[in-house]
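**Student:** Using only what follows, build the 3D model:
(chains A and B)
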Amino acid sequence: MPLSFTQRFSFRRFTQGEAATANAVNLDHRRIFILPSRSGLVLAMVILLMLIASINYNNSMGFIFTFLLAAAAQVSSFYGFKNLSGLTVQATKSEPCFLGDQAHYNLRIKEQEGRERWAIYIKLGDKVEIIQNLKANQVVNLSMTVKPNKRGWFCAGTFTFFSYFPLSLFRAWSPLQFDQKLLVYPTPSANGLPLPIISIDKAEGSSISLQQGSDDFDGFRLYQQGDPYQRINWKAFAAGKGVFIKQFTSPLADEVSLNWSSCHANNTEQKLSQLCEWVLKAQQDGLSYSLKIPSNSYDANQGIQHQLRCLRALALYE
Amino acid sequence: MSNMNALNRETVITPLCLKLLLLCGFLLVLPHIGNLKPEFIVISLVLLTWRTLTVKFPQYMPNKWLLLPLSILLALFILKSFGMSFGRDASSSLLIVLLALKLLECRRSRDVVASVFVGFFVLITPFLFDQTILLALYSLCIFLLLLLTLLINTTGQVTLQGFTLFRLTATIFLQAIPLMLIGFLLFPRMIGPLWALPDNTSNAVSGISDTINPGQISNLALSSATAFRVTFEGEPPEQKDLYWRGAVFYETDGIKWQYKANYKVAEKLTDSAKPTEYKYTVIMEPHHQRWLYSLDLPSHKVANSKLSEDSQLMLSKKLGRTLSYTLTSNNASNKNLTDTLKKRALNLPKNTSDNILELAGNFRKNSSNDLEIVNKALQHFNQQDFFYTLNPPLLGKNPNDEFLFKTKQGFCSHYASAFTVLMRAANIPARIIAGYQGGVHNTLGSFWEIRQADAHVWVEVWLENSGWTRVDPTAAIAPERISNSINLAEQLRAGEVNFNINRPDGFMAFAQQAKWLLNTIDYYWQSGVLAYGPENQAEFLNKAGIKGWEDMVKWLTIFSVSFLVLLIIYLNFSKKTKPDKAQQILLAFCKRLSKKYGERRSYETVSDYFERVKKQNAQLTTSLNAINKSYLDCRYGREDIEPFKTNVKAFK
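**Tutor:** All right, here's what the predicted structure looks like:
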């Protein structure tokens, strides 16, 4: 996509990169910038001193080596550019995380010009990763850790690819932004409040009592994704019979009702945090649970899909 | 920003990098042996050895509480040794000690970069002392080694396996050469130093100095060092006429002769018609004197010099670099004798003995003109038992008298000194010329090499008819000195004069050829590279139509920018890897499909794209499947591309 005139000369392009994209980005002359590094500026001073000495003594060999050094420094800048040029970078799927935890933002970096690359640094926020060596046509999957500071959709910001290759005299850099966002769930509350379990008497259907989940063993069923590990029948698994889950039922059908209004917390974030914790706990205990918050409501259900839906609703609650 | 830089710079130095750096350190100090005072060489080598030992015994690495006082101490030591005169010797000594100190505290990646930078500076310091080809090649190796060290430091490699980094170093070097040449040729050279060079004369310069002391033995006769080299355009004069005039001496105290620089320009030097002319180019080694050497009478001055009334080419400053100049000389005589000059040329030293006055009086009495007196004096040397030797007896307080009447043994300066005093006593204006006589003709390179051993002193007397006339009293006693070149090898062996009268043969001839070859290479090095200073640059660029420094800067910019642009084009468009045959066909095929079914998106694999097309047109399913399978087969399975080609062709 060609850039408009203002886009081309906006300062943002040099520091934060072009507009975010979901596609693979090819690093080319439009995205790579290069300027002398601090060492490069120091070398410029050294070259100046060498030149003054050569002029002063009118020394031919002095001139030759001074110019040779300056020329080599200049030529090295092209190799600095080439070290980044022709890489493709794509943001790949990243797992959601809880607020306060470290998330992993995944990048797929591909060398596709058949040249070996050296010492490429990737900076995100204050974290820097290094790829010491990238062989010709090699693909590297890189996981950058980030610590999101709020729940909801988290945008990682600018990834800066940079390199001091080959002589540390120039810093070539390429700032990239990706569309792929990271979903951040609320922090699970740590206050250890029990699950609000509602026992529904099947016979009577209306009497409600809160119970602490006393369960009776009811038999086995096949493992499904999201089932708690504690309930796996390890004996059967060890015997090679497959993965089975111990099922429990209470004499009363247990159902957890997670309700915005019944959650006693001071503010929205704490409420969300509490609900998040309960969703996790209910899932772990293999209970069926419903979630009711002002923006969404989910009927009682079980399984990983249900959990993800609930957590997502909590994460995105405005 | 700082954090990120820190990451790169704070990395601990790899052992490989450290070893390379230490190697560079030792190699950089070595050429200074003999140039600098030994204490500084020893200090640097000790510090470097210390650092080398810490590779094996890291516990002996000095901490900053030891390093800081050590650095201050060494700085004070250097300051004490050189004082405030900060020239070549002081800065070189400081730099090698600084390099060693920097290496001693080198722990991190950042320190490596700083050390290599100091290394680059140290690299050019030996050239302030000597600029031979061997040193240049040696320094080039270190230059490449320094680049490699920087490269290995940046990439953080721990082993030297693979030649990728070697190749890259060599590539960068080769691609830097044209740019270096552009800079070397076009960067405007300035005449004269930017500030005074205090210690250029500190080490004794071999060559003709500004005093002639017949009482002391000249050590020049045994020096094989080159004074200058000459190429003639056209026929050169005969060997016996190759008198390279340098300093002109008038003043003497009866013991030694003292040079007094004379910048006065004569209104008219000569009145004779155009005589024989010789055109030649001199490549002068730095001799740290103000005069230049020329044959007979230079017909014009060379850049930045004056042609004095003594027909001497005078520089405004002492020559501290290799200088090349082209001259035309003729053998007309200098007819310039002002009253001041006459007074100076007749001034007799106070200790002129009665013997000398009597001898001169005798010559005067028995002659009708000045020329006869000169000839009588020469005959006197020839007929009396005078003897030409490099090892004459030492002379006392009145050397001229003792030489003429007692020892009668000596070399050119004895004869010239005594002869001049004798002429002045006979009332003939006379002066001493110090310069070189003859030289060795290198037939291979077709140039003349004038060595310090060819140093010679002769006399010029003023005669009414011919003006200043060259008289060489040495020729009267040892004509072979003048008509043959000196056989230096033999002279060195015997410690006595020896001339090349017989042509060498056999092994000697071969040895001479080999020596000539080396001298020829050196000659081209001197004249082509080292002598490329302000004068040569102006002359060279004038031929290309580039005049003045503004023009030079303009062309310097144009050439270097064009070269860089060409290099960028070459680097970015020459080696672009083409997709292989199968991929090319596939891309063309996708383009065909895109007209009907939309473009393939960048994230779609071929299979994904075909699926999308199939959804739009189910009839294509079979043919697309076949194409996809054969494509995947030929790219990732068997190498056969033919089924894929046929399938694509069959597609309607």
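**Student:** Could you use CA atoms for every contact and neighbour count after this?
**Tutor:** Will do.
**Student:** in stretch A:294-309, what's buried?
**Tutor:** For stretch A:294-309, a neighbour-count test (16 or more other C-alpha atoms under 10 Å in any protein chain shown) marks A:298, A:300-303, A:306-308 as buried.
**Student:** got any ranges where the stretch 351-500 of chain B has weak pLDDT?
**Tutor:** B:483-486, B:488-500 (pLDDT under 70).
**Student:** In it, which residue sits closest to chain A?
**Tutor:** Chain A sits closest to B:E449 of the stretch 351-500 of chain B, with a gap of 21.3 Å, by C-alpha to the nearest C-alpha.
**Student:** Excluding chain neighbours, what is closest to that residue?
**Tutor:** B:R229 (4.6 Å; C-alpha to C-alpha, 6 or more residues apart in numbering or on different chains).
**Student:** For A:Q132, pull up the helix or strand it's in.
**Tutor:** Taking DSSP states H and E as the definition, A:Q132 sits inside strand A:127-134.
**Student:** The residue of the stretch 351-500 of chain B closest to chain A should be in a strand, yeah?
**Tutor:** Yes. Assessed by DSSP: H, G, I helix; E, B strand; the rest coil, B:E449 belongs to a strand.
**Student:** Just give me the neighbour total for it.
**Tutor:** By the measure other C-alpha atoms under 10 Å in any protein chain shown, the count of residues near B:E449 is 25.
**Student:** residues in contact with it?
**Tutor:** Residues near B:E449 by C-alpha atoms under 8 Å, 6 or more residues apart in numbering or on different chains: B:226-230, B:439-442.
**Student:** what about burial for those residues, which qualify?
**Tutor:** Among those, those classed as buried by 16+ other C-alpha under 10 Å are B:226-230, B:439-442.
**Student:** Next step: those restricted to helices.
**Tutor:** Under the assignment DSSP state H, the buried ones among the contacts of B:E449 contribute nothing to helices.
**Student:** need those residues in CSV with distance to B:T605, can you?
**Tutor:** Output for those, formatted as CSV (distance: C-alpha to C-alpha, whole Å):
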residue, distance to B:T605
B:T226, 75
B:A227, 77
B:F228, 75
B:R229, 74
B:V230, 75
B:G439, 82
B:V440, 80
B:H441, 79
B:N442, 75
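**Student:** In strands only, show me those residues.
**Tutor:** Among these, the residues falling in strands (DSSP state E) are B:226-230, B:440-442.
**Student:** Stretch A:174-193 vs chain B: in contact?
**Tutor:** No. Judged by C-alpha under 8 Å from any C-alpha of the partner chain, stretch A:174-193 stays clear of chain B, getting no closer than 13.5 Å.
**Student:** Any idea how far that stretch is from the middle of the chain?
**Tutor:** The chain centroid and the centroid of stretch A:174-193 are separated by 8 Å under C-alpha atoms, centre = their mean, to the nearest Å.
**Student:** Could you report the neighbour count for B:T155?
**Tutor:** For B:T155, using other C-alpha under 10 Å, the count is 23.
**Student:** Look up the pLDDT of it for me, please.
**Tutor:** Per-residue confidence (pLDDT) for B:T155: 88.
**Student:** in terms of contact, does it touch A:F165 like I think?
**Tutor:** Yes. With contact defined as C-alpha atoms under 8 Å, B:T155 and A:F165 form a contacting pair (6.8 Å).
**Student:** Residues in contact with both of those two, list them for me.
**Tutor:** A:118-119.
**Student:** quick one: the nearest residue to B:K301 once chain neighbours are set aside and B:S294, what's the gap?
**Tutor:** Take B:K301 and drop its neighbours on the chain: the residue closest to it by C-alpha to C-alpha, 6+ apart is B:L307, 5.4 Å away. From B:L307 over to B:S294 the distance is 11 Å, taken as C-alpha to C-alpha, to the nearest Å.
**Student:** wait, isn't A:L87 in contact with A:Q112?
**Tutor:** Yes. Contact criterion C-alpha under 8 Å: A:L87 and A:Q112 qualify, at 6.3 Å.
**Student:** What segments of chain A are helices?
**Tutor:** A:5-8, A:12-15, A:38-57, A:60-84, A:234-238, A:268-284, A:304-315.
**Student:** next one: the third one to chain centre, how far?
**Tutor:** Offset of helix A:38-57 from its chain centre (C-alpha atoms, centre = their mean): 45 Å.
**Student:** Could you check the angle it makes with helix A:60-84?
**Tutor:** Counting by axes from the mean of the first three to the mean of the last three C-alpha atoms, to 10 degrees, helix A:38-57 lies at 160 degrees to helix A:60-84.
**Student:** how about B:Q131, what does it touch?
**Tutor:** B:Q131 touches A:61, B:530, counting by C-alpha under 8 Å, 6+ apart.
**Student:** Please disregard the earlier target; I meant B:F447.
**Tutor:** Taking C-alpha under 8 Å, 6+ apart as the test, what B:F447 contacts is B:229-232, B:441.
**Student:** ditto for A:S189
**Tutor:** Counting by C-alpha under 8 Å, 6+ apart, A:S189 touches A:270, A:273-274, A:276-277.
**Student:** The stretch 51-200 of chain B: helices as residue ranges?
**Tutor:** With helices called from DSSP state H, counting those that start in this stretch, the stretch 51-200 of chain B shows them at B:64-82, B:88-104, B:109-124, B:133-155, B:164-186.
**Student:** Same list, the ones you listed, but as CSV with distance to chain A please.
**Tutor:** Listed next are the helices of the stretch 51-200 of chain B as CSV, based on distance: least, C-alpha to the nearest C-alpha, whole Å:
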stretch, distance to chain A
helix B:64-82, 18
helix B:88-104, 9
helix B:109-124, 5
helix B:133-155, 5
helix B:164-186, 5
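**Student:** now for the contacts of A:S189, which pair is the farthest apart?
**Tutor:** Within the contacts of A:S189, A:Q270 and A:E277 form the most distant pair, 10.5 Å apart (C-alpha to C-alpha).
**Student:** Which residue of these two possesses the greater neighbour count?
**Tutor:** Neighbours per residue (other C-alpha under 10 Å) separate A:Q270 from A:E277, with A:E277 holding more: 22 against 17.
**Student:** and the residue in the stretch 51-200 of chain A that chain B sits nearest to, how far is that from B:V113?
**Tutor:** Residue of the stretch 51-200 of chain A nearest chain B, by C-alpha to the nearest C-alpha: A:N56 (4.3 Å). Distance of A:N56 to B:V113, computed by C-alpha to C-alpha: 26 Å.
**Student:** if I pick residue 173, what's in contact with it?
**Tutor:** Assuming you mean chain A. Counted by C-alpha under 8 Å, 6+ apart, A:W173 has contacts A:32-34, A:84, A:160-163.
**Student:** My question was about chain B, not that one.
**Tutor:** A:68, A:72, B:144.
**Student:** One more: B:C590?
**Tutor:** Counted by C-alpha under 8 Å, 6+ apart, B:C590 has contacts B:599-600.
**Student:** Could you show which parts of the stretch 151-300 of chain B are in contact with chain A?
**Tutor:** So the stretch 151-300 of chain B meets chain A at B:151, B:154-156, B:172-173, B:175-177, B:179-181, B:183-184, B:189-190, B:192-195 (C-alpha under 8 Å from any C-alpha).
**Student:** Show me which helix or strand of chain A is least confident by mean pLDDT.
**Tutor:** strand A:208-210 (a mean of 43; mean pLDDT, DSSP states H and E).
**Student:** Buried residues of stretch B:626-641, list them for me.
**Tutor:** For stretch B:626-641, by 16+ other C-alpha under 10 Å, it's B:626-635.
**Student:** Nearest residue to the middle of chain A?
**Tutor:** Nearest residue to the geometric centre of chain A (C-alpha atoms, centre = their mean): A:Y105, 2.3 Å.
**Student:** Need the pLDDT of it.
**Tutor:** pLDDT at A:Y105 comes out at 88.
**Student:** Wait, it touches A:K147, no?
**Tutor:** No. Between A:Y105 and A:K147 there is no contact under C-alpha under 8 Å: 10.1 Å.
**Student:** helix/strand/coil for B:R431?
**Tutor:** strand.
**Student:** where's it relative to B:F405, distance?
**Tutor:** In terms of C-alpha to C-alpha, B:R431 sits 22 Å off from B:F405.
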